[in-house]
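Student: How does the following fold in three dimensions:
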Amino acid sequence: MMTRHRIEAWPVPALAAAAVLTFASWYAEAAETLPFETAAAETARAPLERIYDGTVEAVHQATMSAQTAGRIAEVFFDVDDYVEPGEPIVRFTDVEQQSALRQAKAALEEALAHEKQAEAEFGRAEGLFRSGSSSKREYDQALAARDAAVARVAAARSAVQTTEQQLEYTLVRAPYAGIVTERHVEVGEAVAVGQPLMSGLSLESLRVVINLPQQVAARVREHETAHVLTDEGRVEAQSVTIFPFAHSASNTFTVRIELPDGQFALYPGMFVKVALVIGDAERLLVPSHALLRRSEVTGVYVVSGEGDIRLRQVRAGNTFDDQTEILAGLDAGERVALDPVRAGIYVKSQVVANDED
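Tutor: Numbers count the residues shown, from 1 in each chain. Model prediction:
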């Protein structure tokens, strides 16, 4: 007699759940055997940016001019020299200034002597007036002479300060640390007040200036976030200033982007790309260190559900913190190797092992 065995069919949802559990357990076991970590490409909200060209300029740049007349005695620096703040850069001959200072000091000594004499005479006149031995007119004359002497002393002191300042102007000092960009005078040259002496700028404080179309200005003003794209990476702006008026000829707004202190391989006059945030959008992101860059080719090692590991070329977009946008070549949910170097070594070792078998 034939025995019949009852076979019970699993419901479809149960089969699906079992398949998911089986795949999850397989992947967990496979991940433990791989000598590198993996991560899934995920979609996330990231800033939406527009790229514009900008010009780098120095925040601190100036031309030092003569504040007193004279002849150039020494020039301490030349073009491309680095100058510390407060260092002398140009020295004038100071014969006339020294002479004027001696005269001013002599005039001050004379004024002080007259003031002393006027004080004494006023004291005597005041005593006589109080005792009734002199008239009010004599008292007023002594008082006026005393006040005039005091005023002459104040004027003489001001004259000394002025001549001392003129003497100080014969030694021109750097207002801040920077690089000399242009030298306008030579030793022995006679200069007048206001004549340019030396130009310089500081490379520590830089900013980027761009002209922004009016259609984008309002959206940029809402976020006021920008990054300057350099060879060393993205440099976040400290502040974004949009001028409150548009140029009538071009209908563009001037935007000034202040950079943090540092050089960043940027120099005044260079053209750079500036990424301005105008909103946000959904993007496919992977960790930046998962990308393998070889010349002009960018790729990632993709770990498939069947255990295959393949190098796949992708097109990378912008970088946001430690995440890079993938524009093409990868789908959401696919897993990539976080260490492409170790992943490459592992793939080669597997190929060698298969060849030996």
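Student: What distance do you get for Leu327 to Leu206?
Tutor: Going from Leu327 to Leu206 by CB to CB, to the nearest Å gives 30 Å. Every residue, glycine included, has its C-beta placed from N, CA and C.
Student: and these two? which has more neighbours close in?
Tutor: The neighbour comparison of Leu327 against Leu206 (other CB atoms under 10 Å) goes to Leu206, with 26 against 12.
Student: quick one: the closest residue to the more buried one other than its chain neighbours and Tyr301, what's the gap?
Tutor: If the residues on either side of it in the chain are set aside, Leu206 comes closest to Leu259, at 5.0 Å by CB to CB, 6 or more residues apart in numbering. According to CB to CB, Leu259 stands 36 Å off from Tyr301.
Student: now do Leu285
Tutor: From Leu285 to Tyr301 the distance is 17 Å (CB to CB).
Student: and if you look at Leu201?
Tutor: Counting by CB to CB, the gap from Leu201 to Tyr301 is 47 Å.
Student: So for these two, which sits in the more crowded spot?
Tutor: Ranked by neighbour count (other CB under 10 Å), Leu201 and Tyr301 place Tyr301 first, with 24 against 21.
Student: in this protein, which helix or strand is least confident?
Tutor: Least confident element among the helices and strands of the chain, by mean pLDDT, DSSP states H and E: helix 12-33 (a mean of 40).
Student: Following the chain past that helix, name the next helix or strand.
Tutor: From helix 12-33 onward toward the C-terminus, using DSSP states H and E, the following helix or strand is strand 38-40.
Student: strand partners of that next one, parallel vs antiparallel please.
Tutor: When pairing is defined by DSSP bridges, strand 38-40 lines up against strand 335-337 (antiparallel).
Student: Now the strand it pairs with: average pLDDT?
Tutor: Averaging pLDDT along strand 335-337 gives 89.
Student: from the middle of its chain, how far away would the helix or strand following that strand be?
Tutor: Using DSSP H and E, the next helix or strand after strand 335-337 towards the C-terminus is helix 340-356. Taking CA atoms, centre = their mean, to the nearest Å, one finds helix 340-356 lying 46 Å from the centre of the chain it belongs to.
Student: Need the contact partners of helix 340-356.
Tutor: Applying CB atoms under 8 Å, 6 or more residues apart in numbering, the contact partners of helix 340-356 are 34-36, 290-292, 299-301, 309-311, 337.
Student: okay, these in CSV with distance to Gln165 next?
Tutor: Output for those, formatted as CSV (distance: CB to CB, whole Å):
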residue, distance to Gln165
Leu34, 76
Pro35, 74
Phe36, 71
Ala290, 64
Leu291, 62
Leu292, 65
Gly299, 68
Val300, 68
Tyr301, 71
Ile309, 77
Arg310, 77
Leu311, 72
Ala337, 70
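Student: Got a quick ChimeraX command for the buried subset of those residues?
Tutor: What follows is the ChimeraX syntax selecting those of those that are buried according to 16 or more other CB atoms under 10 Å:
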select :36,290,291,292,299,300,301,309,311,337
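Student: Which parts of this structure are helices?
Tutor: 12-33, 95-131, 136-168, 214-223, 340-356 (DSSP state H).
Student: Can I get stretch 103-122 in CSV? Just the C-alpha atoms.
Tutor: The C-alpha trace of stretch 103-122 is given here as CSV (Å, rounded to 0.1, in the frame of the first residue of the first chain):
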residue,chain,number,x,y,z
GLN,A,103,63.1,125.2,16.3
ALA,A,104,59.8,124.1,17.7
LYS,A,105,61.4,122.8,20.9
ALA,A,106,63.2,126.2,21.3
ALA,A,107,59.9,128.1,20.8
LEU,A,108,58.3,125.9,23.4
GLU,A,109,61.1,126.7,25.9
GLU,A,110,60.6,130.4,25.2
ALA,A,111,56.9,130.1,25.7
LEU,A,112,57.3,128.3,29.0
ALA,A,113,59.7,131.0,30.2
HIS,A,114,57.1,133.7,29.3
GLU,A,115,54.4,131.7,31.0
LYS,A,116,56.4,131.5,34.2
GLN,A,117,57.1,135.3,34.1
ALA,A,118,53.4,136.0,33.3
GLU,A,119,52.3,133.8,36.2
ALA,A,120,54.6,135.7,38.6
GLU,A,121,53.4,139.1,37.4
PHE,A,122,49.8,138.0,37.7
